[in-house]
Every structure is written in structure tokens, then in C-alpha cells.
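> Let me see the structure of the following:
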Amino acid sequence: MYCPKCGLGSKRGSFCSECGTQTVFGKFPCPYCKAPNGIDNKFCEHCGKPIQEASNEFIRQVRKETGR
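The predicted structure is shown next:
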């Protein structure tokens with residue numbers, strides 16, 4: 001889980017323990033192999049390619065959708 005407001009990850013819970021914002025699923029697909037990856041990964045767990053920019057884009061999109 002990931003907080004779109006303060007950027008913290010949470011292993012459990014629907015709300016951020018720091019700010020109370022509702023968390024979102026903290027995985028996104030690798031732009032190369034489409035395998036799911038954690039929001040804070042710099043490289044894909046499955047193909048090893050760099051995914052930090054894709055992760056940052058995912059975060060921007062979630063913030064845009066949630067108005068944060």
C-alpha cells in the first residue's frame with residue numbers, strides 16, 4: 001500500500017499512519033515486461049531494467065487521480 005499524499009509505503013492498512021489519507025495499491029506494471037513491481041523499486045524484479053521513472057509517473061498519476 002502507498003500513501004499518495006505523503007509518499008509513505010504501508011505494509012497493511014487502508015489509511016496512512018502518518019496523515020490519515022486513504023492508501024492505494026503500491027504495485028505497478030513494468031513498462032518493459034509488464035510484471036508487477038513495488039512502488040519504490042528502481043529496477044524491475046523480473047527483467048532487471050530500470051523502472052524508477054515509470055514508478056515516478058505512477059505516483060504522479062495516482063496523485064492526480066486522488067487530488068493530492
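
> Let me know how buried Ile51 is, in neighbour terms.
By other Cβ atoms under 10 Å, the residues close to Ile51 number 25. Quick note: C-beta positions are derived from backbone N, CA and C, even for glycine.

> Can you list the buried residues in stretch 2-16?
By neighbour count on 16 or more other Cβ atoms under 10 Å, the buried set for stretch 2-16 is 2-5, 8, 16.

> starting at the chain centroid, how far to stretch 16-26?
The chain centroid and the centroid of stretch 16-26 are separated by 11 Å under Cα atoms, centre = their mean, to the nearest Å.

> so Cys19 touches Lys5, yeah?
Yes. Using Cβ atoms under 8 Å, Cys19 makes contact with Lys5 at a distance of 5.4 Å.

> for stretch 23-39, which positions count as buried?
23-24, 26, 28, 30-31, 37, 39.

> So which of those is the closest to Phe58?
The nearest member of those to Phe58, counting by Cβ to Cβ, is Phe28 at 4.2 Å.

> Give me the sheet partners of the helix or strand harbouring that closest one and which way each runs.
Per DSSP states H and E: Phe28 is located in strand 27-29. Next to strand 27-29 in the sheet, as set by DSSP bridges, lie strand 36-38 (antiparallel).

> ok, residues contacting the strand it pairs with?
Residues outside strand 36-38 that contact it (Cβ atoms under 8 Å, 6 or more residues apart in numbering) are 9, 26-30, 44-46, 51, 55.
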